[in-house]
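Peer 1: whatever this is, show me its structure:
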Amino acid sequence: MDDLVMLEDGLDLPATAPSPPPWKILVVDDEPEIHAVTRLVLGDFQFESRRLQFLSAYSGAEGKALLKEHPDVALMLLDVVMETEHSGLDVARWTRDELNNHFVRIVLRTGQPGQAPEHKVTNEYDINDYKEKTELTTQKLNATVRVALRGYRDIMAVERARQGLERVIGASTQIFSHQRSSEFASAVLSQLVALAGMERGALYVRVPPPGNRRPTDTERFEITAATGEFERYLSLRRDEEALPETLRNSLHAAFESKQHQFREDHYVLHFTDSQHGESLLYVGDAWNLSEMDFKLVELFCTNVSIAFENLHLNQELFESQLEMICLLAGAAETRSKETAAHVQRVGLAAEILALALGESAHDAEMLRHAAPLHDIGKIGIPDAVLNKPGPHDADEQRVMRGHAELGAAMLRSSRRPVLQLAAEIAASHHENWDGTGYPNQLAGEAIPLSGRIVAVADVWDALGSRRCYKSPWETAEIRRYFEAHRGSKFDPAVVDALFDNWERLQALRQDYPDAP
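Peer 2: Numbering: from 1, shown residues only. This next block holds a predicted model:
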């Protein structure tokens, strides 16, 4: 910890910025005196406050090996005649064509210009300068190295920009692929790690829009995601006062100015969505970010802002569609004098059962959204049949059972996946495991899993709810009913999942009670 200082907030930072690495100079020459003189002349040379690191090779083969080992060599001072009369030229061509290194600056130095005439090698080989050893005075050697390093610096700046833009595009693609708020923050953090090499970590906080705040929240930050050493603050959630003062002050500065904040040892990124909610991303690694790195991070932040906006626009549209689904389902239930809370409970129960059966979170969520429409076909059933307090006769039963096919027909024409799933559920949730159900007398696994799950969720909730023809059943009675019909009316695996999650499902009745 010799090179670290401890701040008041308990975060460790470098005491001083690290020294920039030296420029690597590769000398390829079979004369040891040339190596010695080069080191002597350039011993105190500096370019942009960076000294030189010399690598020595005494043959073309050694030069190739060092170039492979050190791909960041900035300049190669290359002799022509070594083990063969054209060894240096072979190294130059190999560097560009086989090693595919087009960044290192190659200065050809020759004591026998007749062996490699300047006009010939500059036309045929991708070298950057040609010097006769006799003309390389101390002053000219310094000038040659300075010009070469300046060229290397500029070409590497272009290359870093190109690579950085590729990383930004790749990172942005990953960000745009996430369609859940819960995944968005984690995706931003992970891509910043790849983009800017974060080591200490980052902290992501949300400020809910005014309409979604509780009276005690005002502009309270909500800690949503974290990586690295900032993970310790995840447990604070809404307790922003427990955050270190330095960190908290930077978050507030970004929040109040509505702008990104770049500091010596960290930066804070600020985002706003279409619902006037705001997000702040505290990144605890800014010490080593170059000016180009900052520009790349800013460009990435612009893309993140666009992704964040699109995410919330998509969520708003999706939630509007779901609200319409619930309204339609509620209308069907109201016609049959059942409360709209029933469809909510069925959807939530179906999601719990699907997850218990090993379905993915996405498929379980889709089931929760589609299940409320299981009885949408009741809209087409006459009131006299739908709300009859006593048992139905044969004709009335036939009409009543028609709601399954009617609901499926209503929904099947939609191209929306959630409504396609709802059509499947409407058509199959009255099928029985033993094949005695309706409308198609399907049996066993021929019944879609969605229908088997919703059949259990629907009956479980209906038995425990008040209807025009019955009072709610006691819990023990409901359990006995499912035990009696496990393997005949209901899929045994789904009934087992029901029993395994019984308390959790029963809690839905308190969380989503029927209207009085």
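Peer 1: what's the helix or strand containing residue 247 packed up against?
Peer 2: Here residue 247, judged by DSSP states H and E, is contained in helix 245-257. Applying 3 or more CB pairs under 8 Å, 6 or more residues apart in numbering; DSSP states H and E, one finds that helix 245-257 contacts strand 202-207, strand 261-262, strand 267-272, strand 278-283. In this view, the C-beta of every residue, glycine as well, is placed from N, C-alpha and C.
Peer 1: need the ones you listed in a markdown table (columns: mean pLDDT).
Peer 2: Shown next, in a markdown table, are the helices and strands packed on helix 245-257 (pLDDT from 0 to 100):
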| stretch | mean pLDDT |
| --- | --- |
| strand 202-207 | 78 |
| strand 261-262 | 80 |
| strand 267-272 | 78 |
| strand 278-283 | 79 |
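Peer 1: tell me which of the ones you listed sits most buried.
Peer 2: Mean neighbour count (mean count of other CB atoms under 10 Å) peaks for strand 202-207 among the helices and strands packed on helix 245-257, with a mean of 25.
Peer 1: the next helix-or-strand element following it pairs with which strands?
Peer 2: Note on strand 202-207: by DSSP H and E, the next helix or strand toward the C-terminus is strand 222-226. Sheet pairing for strand 222-226, assigned by DSSP bridges, gives strand 202-207 (antiparallel).
Peer 1: tabulate the CA atom coordinates of the partner strand in CSV.
Peer 2: Provided in CSV are the C-alpha atoms of strand 202-207 (Å, rounded to 0.1, in the frame of the first residue of the first chain):
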residue,chain,number,x,y,z
ALA,A,202,-18.7,1.5,-10.2
LEU,A,203,-22.0,2.4,-8.5
TYR,A,204,-25.3,2.9,-10.3
VAL,A,205,-28.1,4.8,-8.6
ARG,A,206,-31.6,5.8,-9.7
VAL,A,207,-33.7,8.8,-8.8
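Peer 1: and for residue 53, nearest residue in space, chain neighbours not counted?
Peer 2: Distance criterion CB to CB, 6 or more residues apart in numbering; nearest residue to residue 53, sequence neighbours excluded, is residue 22 at 4.1 Å.
Peer 1: and the pLDDT at that neighbour?
Peer 2: The predicted structure scores residue 22 at 94 on the pLDDT scale.
Peer 1: I figured it was touching residue 55, is that so?
Peer 2: No. Taking contacts as CB atoms under 8 Å, residue 22 lies outside contact range of residue 55: 10.9 Å.
Peer 1: okay, these two: which has more neighbours?
Peer 2: Neighbours per residue (other CB atoms under 10 Å) separate residue 22 from residue 55, with residue 55 holding more: 17 against 14.
Peer 1: show me what the more buried one is bridged to.
Peer 2: residue 26.
Peer 1: please report how far it lies from residue 35.
Peer 2: Going from residue 55 to residue 35 by CB to CB, to the nearest Å gives 10 Å.
Peer 1: overlap in contacts of those two?
Peer 2: residue 27 (CB atoms under 8 Å, 6 or more residues apart in numbering).
Peer 1: just to revisit the earlier point, how about the contacts made by the residue nearest to residue 53?
Peer 2: By CB under 8 Å, 6+ apart, residue 22 lies in contact with 50, 51, 52, 53.
Peer 1: most neighbours, which of these?
Peer 2: residue 52 (20 neighbours).
Peer 1: pretty sure it contacts residue 38?
Peer 2: No. Distance between residue 52 and residue 38: 9.7 Å, which falls outside the contact criterion (CB under 8 Å).
Peer 1: what about residue 155, how many residues close to it?
Peer 2: The number of residues near residue 155, taken as other CB under 10 Å, comes to 15.
Peer 1: quick one: which helix or strand includes it?
Peer 2: Using DSSP H and E, the element containing residue 155 is helix 138-176.
Peer 1: tell me the average confidence for that helix?
Peer 2: On average, the pLDDT along helix 138-176 is 75.
Peer 1: repeat for stretch 243-256
Peer 2: The average pLDDT within stretch 243-256 is 87.
Peer 1: and it, what's buried?
Peer 2: Neighbour-count burial for stretch 243-256, counted by 16 or more other CB atoms under 10 Å, picks out 243, 246, 247, 248, 250, 251, 252, 254, 255.
Peer 1: now render the residues you listed as CSV, adding distance to residue 77.
Peer 2: Formatted as CSV, the buried residues of stretch 243-256 follow (distance: CB to CB, whole Å):
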residue, distance to residue 77
243, 54
246, 49
247, 50
248, 54
250, 48
251, 52
252, 55
254, 49
255, 55
